[in-house]
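Chemist: Got a sequence here, can you model it:
(chains A and B)
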Amino acid sequence: MEQARTVDSPQHILTTSVFVKVWVYLVILTAITVGASVLFPGAVGIGVATLVTPIKAALILLFFMHLKYESTALRTMFLVAISILAIFIGLTFFDYPLR
Amino acid sequence: MTVNAAPIQTSGHAGHAGHTRSHLSHEGSKTGMWLFLYTEILLFGGLFLIYSVYRYLHAADFSVAAAHLNVPIGVINTVVLLTSSLTMALSVTALQRDQRSRSMNMLMATIALSGLFLVFKFFEWKAKYEHGTFPGMEHLNQLPNGEKLFFTLYFTMTGLHAVHVIIGLAVMAVVWQRIRKGTVTVANYPILEYTGLYWHIVDLIWIFLLPLFYLTN
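Modeler: Numbering: from 1, shown residues only, chains lettered A, B, ... in the order given. As a prediction, this is how the structure comes out:
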């Protein structure tokens, strides 16, 4: 392939403001998680953390790691990998609670 | 149609970086990097699995043990890593735009923030060590099983994570040097991009470690 292939086209290079905005969201979501677990210890705090943490993960994956702009193949591979992990953990919990 | 009709071994040819790179597919090498990242996800995933089972079996003990961790340092470290991810991403896009010194500055900032993370971690672990709450030490050995498991998992998982931070720091230093020397450039930046991907995974893992260990009660 030509040398030009190693250089991304303009729309694939994200601007500084996009990254800074994502960073701000990440810090806010961290504050929400920590605040909830400090103010509402127990089920509520854990519940908030369980809901918010995947959102933070998604922000990092989609924007910092550029997954939003990658090929469908790459994104599908990622979903397969975490599905496998979910199955590992999920099926394990088909076992323990029934012992 | 192709610029270079020479056989595969073009490195002996009058090759400047672009010429020898012309046989590599960016999409292909990026896929290879992501495959490596999946192995990292499954590596830590296995540890998360262990954590989830033992937490299920010793919920109360885990809660008690977690209260001994330093939440403020955990939160500060989270913000430090999130910011390092930002500077890392900015470094990559800077080089993509041929802004070499900005890229180097952002990369150096990332290196500095990773170092800061390790400093905080050091003081955190030092405090535990001085209290005897460390694998193999007295206080930890006297704890009830569930609490022992919590701390062992804590040191194993944050320890393995810290090893990844150190490796990332070393790789970043090497890449910084290569940008300085001019072997990593706007026409040859994938190694910087993949260093970034690695660094974001390290950050991602920490994002999950935070609530599991520091915010559990």
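Chemist: for the closest residue to residue B:184 other than its chain neighbours, phi and psi?
Modeler: Using C-beta to C-beta, 6 or more residues apart in numbering or on different chains and skipping the chain neighbours, the partner closest in space to residue B:184 is residue B:178 (4.3 Å). Where you see a C-beta, it was placed from the backbone N, CA and C, and this is true even at glycine. Dihedral pair for residue B:178: phi -70, psi -30, per degrees, to the nearest 10.
Chemist: surely residue B:178 meets residue B:190?
Modeler: No - taking contacts as C-beta atoms under 8 Å, residue B:178 lies outside contact range of residue B:190: 11.9 Å.
Chemist: Please name every helix or strand in contact with the helix or strand containing residue A:35.
Modeler: Assigned by DSSP states H and E, residue A:35 belongs to helix A:16-39. Counting contacts by 3 or more C-beta pairs under 8 Å, 6 or more residues apart in numbering or on different chains; DSSP states H and E, helix A:16-39 is packed against helix A:43-59, helix B:71-96.
Chemist: could you dump these to a markdown table with distance to residue A:65 and mean neighbour count?
Modeler: A markdown table is the format used below for these (distance: least, C-beta to C-beta, whole Å; neighbours: other C-beta atoms under 10 Å in any protein chain shown):
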| stretch | distance to residue A:65 | mean neighbour count |
| --- | --- | --- |
| helix A:43-59 | 10 | 16 |
| helix B:71-96 | 8 | 22 |
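Chemist: could you dump those helices to CSV with mean pLDDT?
Modeler: Shown next, in CSV, are those (pLDDT from 0 to 100):
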stretch, mean pLDDT
helix A:43-59, 94
helix B:71-96, 96
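Chemist: now the ones you listed in a markdown table, with distance to residue B:144?
Modeler: Below are these laid out as a markdown table (distance: least, C-beta to C-beta, whole Å):
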| stretch | distance to residue B:144 |
| --- | --- |
| helix A:43-59 | 21 |
| helix B:71-96 | 22 |
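Chemist: now for these, which one comes closest to residue B:211?
Modeler: helix A:43-59 (3.8 Å; C-beta to C-beta).
Chemist: and the angle for the helix or strand just after that closest one with helix A:43-59?
Modeler: Later in the chain than helix A:43-59, the nearest helix or strand by DSSP H and E is helix A:72-95. Orientation note: helix A:72-95 sits at an angle of 160 degrees relative to helix A:43-59 (axes from the mean of the first three to the mean of the last three C-alpha atoms, to 10 degrees).
Chemist: and helix A:72-95 with chain B, contact?
Modeler: Yes - remark: helix A:72-95 sits within contact range of chain B at A:73, A:74, A:77, A:78, A:81, A:82, A:84, A:85, A:88, A:89, A:92, A:93, by C-beta under 8 Å from any C-beta of the partner chain.
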